[in-house]
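> sequence first, predicted coordinates after that:
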Amino acid sequence: MSLRYLYWVLTLALVYVSCAVTSATSIESRSLTADLVEYGVDLNATNFDAVLKYTPATFAVVEFYAHWCPACRNYKPHYEKVARLFNGPDAAHPGIIIMTRVDCALKINTKLCDKFSVSHYPMLFWGPPSKFVGGGWEPNQKNSDIRPIHDGRTADRLLNWINKQMSSSYGLDDQKFENEHLLYNVSDPTQIARAIYDVEEATSIAFDSILGYKMIKPQTRGSLIKFLQLLVARHPSWRCRKGASDILVSFGDLNTIDLQSANKQEDDDGKLSLRNFQICGKDVPRRYWMFCRGSKYDTRGFSCGLWVLLHSLSVRIEDGESQFTFNAICDYIHNFFICEECRQHFYHICTSVSTPFNKARDFALWLWSAHNKFNERLMEEEAMLGTGDPKFPKMIWPPSQLCPSCYLSRDQKSNKVECNQDEVFKFLRSYYGDTLATLYKDKGTNGNNVIDGVAEAPLVTKI
Ligand SMILES: Cc1cc2nc3c(=O)[nH]c(=O)nc-3n(C[C@H](O)[C@H](O)[C@H](O)COP(=O)(O)OP(=O)(O)OC[C@H]3O[C@@H](n4cnc5c(N)ncnc54)[C@H](O)[C@@H]3O)c2cc1C
């Protein structure tokens, strides 16, 4: 082997281990490995803060790289192997870690990469997503929430490093619905905080299915308006409140003929199309569930998200809004819930109510008790047919682990329970009220129920 050849081999080997930071903005950006499905989320200076601010994930990995860097090209399949586990609708563990990348060779990202003192490529950081927002990292910085990942050179090592941080046991071969790591513990009330994202998901899917299944008709228009009014006033997510408000404003401008076209798949030229609205913002639906994720493909999901939405509305209303809310929810389910059996059962329960609601407490407890009637029936059905989710068996809710004070007594023979309704209401309010909104509050609430200027408002009770 000639010395010259040896020199090139050594030089190339060094380049593949890591790339020093140099400016190479003249080299065109291109896909490093065109044949790979990409799971890492591409961020740049314009979307970095927004994506990391609003992600449901608890942790973020940010890879700073340069598209021209051979070491980065080599590293990409490793990074993608790990990102596949956490990002995208087919992820085995969605919504826990967001795996992202920033191309420092693009001029637009120069300042961003400088803020993180990027000294070589690829350089990886770990931390809570919110800490990256408007943040940075200095080599000598102590006690930073953002930490460089020094030991992530292969997929195995990166995942090991992550497992150590999270005390988890994720594996590179984990598949969707075939894992044992569902983050659900029935006695942990804080888990409901993750459901804020499911409430957004359910709202978005509910609205899309109304349009997709062409359910807006002259006779159902009033029900939809009522339900939208309820969402504008009391939805726990400011994004959905805002989206519902935009739709409601536009909805008022649509006449009956326009309504027919709003149902159509094609846009009419220049006409307002409800189809273009994304009720909870452009990032939703995300196509995965967090709190409502089943352990099997066809369990939980939307119907769980819908229940959580209904309960979260029920604990946010004022006394004077209780009858309106009852009507809005019963009519919405009756006219727009695509599951025929479900709407029939729910309608039956709605029509058995003879006295109007005057108190928010009474309505919230009615909904809780109605839901338990479904649980009771489904408990038997699912046991008989084996159709339930083995990890989420139906039960009279809340279980005593979640709310010990809710229970007065339980008859061992009949399994009938007597509940303390005051305690149940207190629990519902805290669970579906404050606790559900915890993650949102962390992201910049500036007062009671006021987030980024979109406040909950009194419910308009006349249409
Ligand atoms: C209006 C409606 C009607 C439905 N009708 C039918 C039907 O007729 N037949 C059918 O097979 N399925 C029906 N479903 C679906 C079914 O109720 C469940 O949603 C589905 O089986 C998924 O169950 P899950 O384990 O995710 O818990 P879900 O029952 O969906 O509950 C979601 C979460 O709410 C909490 N919760 C449970 N019970 C209560 C309660 N009493 N009060 C407050 N919170 C509670 C728990 O944390 C639970 O995980 C209906 C759903 C809805 C929204």
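Noted; the coordinates are in hand.
> for Ile338, give its distance to the ligand.
Applying CB to the nearest ligand atom, to the nearest Å, the value for Ile338 to the ligand is 11 Å. The C-beta positions use only the backbone N, C-alpha and C, and glycine is treated the same way.
> one more: Gly95?
Using CB to the nearest ligand atom, Gly95 is found at 16 Å from the ligand.
> which secondary structure state does that residue sit in?
coil (DSSP: H, G, I helix; E, B strand; the rest coil).
> pretty sure it contacts Pro56?
Yes - Gly95 lies in contact with Pro56 (CB atoms under 8 Å); the separation is 4.7 Å.
> overlap in contacts of the two?
Listed contacts common to Gly95 and Pro56 are Arg194, Tyr197, Arg286, Met290; contacts here mean CB atoms under 8 Å, 6 or more residues apart in numbering.
> make a PyMOL selection of the buried ones in these.
Those of these that count as buried under 16 or more other CB atoms under 10 Å are selected in PyMOL with:
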select buried, resi 194+197+286+290
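> walk me through the domains of this structure.
Domains of the chain are assigned by automatic domain parsing as 3-166, 189-455.
> quick one: contacts for the closest residue to the ligand within the stretch 51-200 of the chain?
As assessed by CB to the nearest ligand atom, the ligand sits closest to Ile192 within the stretch 51-200 of the chain, at 7.0 Å. Going by CB under 8 Å, 6+ apart, Ile192 touches Phe291, Val308, Tyr431, Tyr432, Thr435, Leu436.
> the ligand contacts on this protein?
For the chain, the contact set with the ligand under CB under 6 Å from any ligand atom comprises 292, 300, 303-304, 306-308, 311, 333, 341-342, 345-346, 368, 371-372, 374-375, 378, 389, 392, 397.
> for the nearest residue to Gly294 once chain neighbours are set aside, give me phi and psi.
Spatial nearest neighbour of Gly294, chain neighbours left out: Arg300 (3.6 Å); criterion: CB to CB, 6 or more residues apart in numbering. Per-residue torsions, Arg300: phi 60, psi -130 (degrees, to the nearest 10).
> okay, now Arg300: neighbour count?
For Arg300, the neighbour count with other CB atoms under 10 Å is 19.
> isn't it up against Tyr288?
No - checked against CB under 8 Å, the pair Arg300 and Tyr288 is beyond contact range at 11.7 Å.
> what's across from the residue nearest to Gly294 in the sheet?
Bridge pairing for Arg300 (DSSP bridges) gives the partners Arg293.
> if I pick it, what's in contact with it?
Applying CB under 8 Å, 6+ apart, we find Arg300 in contact with Trp289, Cys292, Arg293, Gly294, Asp389, Phe392.
> check what pLDDT it gets.
Here the pLDDT value assigned to Arg300 is 93.
> which residue ranges of the stretch 351-463 of the chain form strands?
For the stretch 351-463 of the chain, the strands defined by DSSP state E, counting those that start in this stretch cover 407-410, 417-419, 450-451, 454-455.
> hmm, back to that, what is the nearest of the contacts of Arg300 to the ligand?
Closest to the ligand out of the contacts of Arg300 is Phe392 (4.2 Å), distances taken as CB to the nearest ligand atom.
> correct me, but the closest one touches Thr299?
Yes - under the criterion of CB under 8 Å, Phe392 makes contact with Thr299 at 7.2 Å.
> now do the buried residues in the longest helix belonging to the chain.
When the chain is parsed with DSSP state H, its longest helix is helix 360-385. Neighbour-count burial for helix 360-385, with 16+ other CB under 10 Å as criterion, is recorded at 360-368, 370-372, 374-375, 382.
> in terms of secondary structure, what does it contact?
Under the contact definition 3 or more CB pairs under 8 Å, 6 or more residues apart in numbering; DSSP states H and E, helix 360-385 sits against helix 302-314, helix 322-336, helix 340-351, helix 421-429.
> hmm, try it at 10 Å
Counting by 3 or more CB pairs under 10 Å, 6 or more residues apart in numbering; DSSP states H and E, the packing neighbours recorded for helix 360-385 are helix 302-314, helix 322-336, helix 340-351, strand 417-419, helix 421-429.
> where do the strands of the stretch 101-250 of the chain begin and end?
Ranges of strands in the stretch 101-250 of the chain, per DSSP E, counting those that start in this stretch, are 120-121, 123-127, 147-148.
> would TSV of these with distance to Thr154 be doable?
Output for the strands of the stretch 101-250 of the chain, formatted as TSV (distance: least, CB to CB, whole Å):
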stretch	distance to Thr154
strand 120-121	16
strand 123-127	12
strand 147-148	17
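> deepest in the core, which of those is it.
strand 123-127 (a mean of 22; mean count of other CB atoms under 10 Å).
> hmm, back to that, among the shared contacts of Gly95 and Pro56, which one lies nearest to Pro129?
Nearest to Pro129 among the shared contacts of Gly95 and Pro56: Tyr197, at 13.1 Å, using CB to CB.
> quick check: closest non-adjacent residue to that closest one.
Sequence neighbours aside, Pro56 is the residue nearest to Tyr197 in space, at 4.2 Å (criterion: CB to CB, 6+ apart).
> am I right that the one you found falls within a helix?
No - assessed by three-state DSSP, Pro56 does not belong to a helix; its assignment is coil.
> tell me how far it lies from Ala195.
As judged by CB to CB, to the nearest Å, Pro56 and Ala195 stand 10 Å apart.
> name the residues contacting each of these two.
Both Pro56 and Ala195 are contacted by Glu201, Met290, Leu439, under the criterion CB atoms under 10 Å, 6 or more residues apart in numbering.
> so which of the residues you listed are in helices?
Glu201, Leu439.
> switch the shared contacts of Pro56 and Ala195 over to JSON lines; also include distance to Val249 and pLDDT.
Below are these laid out as JSON lines (distance: CB to CB, whole Å; pLDDT from 0 to 100):
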{"residue": "Glu201", "distance to Val249": "24", "pLDDT": "97"}
{"residue": "Met290", "distance to Val249": "30", "pLDDT": "92"}
{"residue": "Leu439", "distance to Val249": "28", "pLDDT": "77"}
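> okay if I get the shared contacts of Pro56 and Ala195 as CSV plus distance to Cys403?
Formatted as CSV, these follow (distance: CB to CB, whole Å):
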residue, distance to Cys403
Glu201, 26
Met290, 22
Leu439, 21
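> about what we covered before: JSON lines for the helices and strands packed on helix 360-385, including mean neighbour count?
Shown next, in JSON lines, are those (neighbours: other CB atoms under 10 Å):
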{"stretch": "helix 302-314", "mean neighbour count": "22"}
{"stretch": "helix 322-336", "mean neighbour count": "21"}
{"stretch": "helix 340-351", "mean neighbour count": "14"}
{"stretch": "strand 417-419", "mean neighbour count": "15"}
{"stretch": "helix 421-429", "mean neighbour count": "18"}
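> the ones you listed: lowest mean pLDDT?
strand 417-419 (a mean of 87).
> so what strands line up beside it?
strand 407-410 (antiparallel).
> for the partner strand, buried residues please.
Tyr407.
> and if you look at stretch 215-233?
Within stretch 215-233, the residues that count as buried by 16+ other CB under 10 Å are 215-216, 220-221, 223-233.
> name the nearest of those relative to the ligand.
Phe227 (13.0 Å).
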